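1. my questions are about this predicted structure, shown below with the sequence.
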Amino acid sequence: MEIEDARNFIAVTTDNPTVMQSFCQKFQDKFYWVLAFLCFLHGMNMIIGEICSFPWMKWNIAKVTKVMSFFNSSHYWGGQLKDQAVRDNITCTLKQNCESHWYALTLQAISVSEHRCNKLVSHMYILAG
């Protein structure tokens, strides 16, 4: 460890691999007043990766991704879906596959949640009107 003076440090944050955990421990041994934190988002990504490895989750994610891919890649059916969304006053779009488990699942969950909320609001509007 090349840091000789850490008096201006309050905290240090690192990724979660073993080598970084070892660095945090050595850093705290040398500079006891510095708070050491593992990266929360990397931790969450690892947890979500573990959740996604369960067969039931893999099956559901695959189903959602297949449906989204179908509509996003088909000009005709994608257009039909957009037309139906306009008729149902739905303003969100389908999102999928990104760089990380965390981001991909977040986008898929938001898409589904927005769809459900918009559908509920449009049904309430119809009932109230």
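-> Right, received. Where do you want to start? Residues are numbered from 1 along each chain as shown.
2. can we go C-alpha only for contacts and neighbour counts from here?
-> Fine.
3. just the strands from this structure, written as ranges.
-> Taking DSSP state E, the strands of the chain run over residues 11-14, 35-38.
4. so which elements touch the last one?
-> Going back to what we said before, that points to strand 35-38. strand 11-14, helix 18-30 (3 or more Cα pairs under 8 Å, 6 or more residues apart in numbering; DSSP states H and E).
5. apply 6 Å and report the result again.
-> strand 11-14 (3 or more Cα pairs under 6 Å, 6 or more residues apart in numbering; DSSP states H and E).
6. re the thing from before, any idea which of the strands of the chain is most buried?
-> strand 35-38 (a mean of 16; mean count of other Cα atoms under 10 Å).
7. so what are the sheet partners of it and their directions?
-> With DSSP bridges as the test, strand 35-38 is paired with strand 11-14 (parallel).
8. what does the partner strand contact?
-> Among residues not part of strand 11-14, those counted as contacts by Cα atoms under 6 Å, 6 or more residues apart in numbering are V34, L35, A36, F37, L38, C39.
9. any chance of the strands of the chain in a markdown table, plus mean pLDDT?
-> Shown next, in a markdown table, are these (pLDDT from 0 to 100):
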| stretch | mean pLDDT |
| --- | --- |
| strand 11-14 | 80 |
| strand 35-38 | 80 |
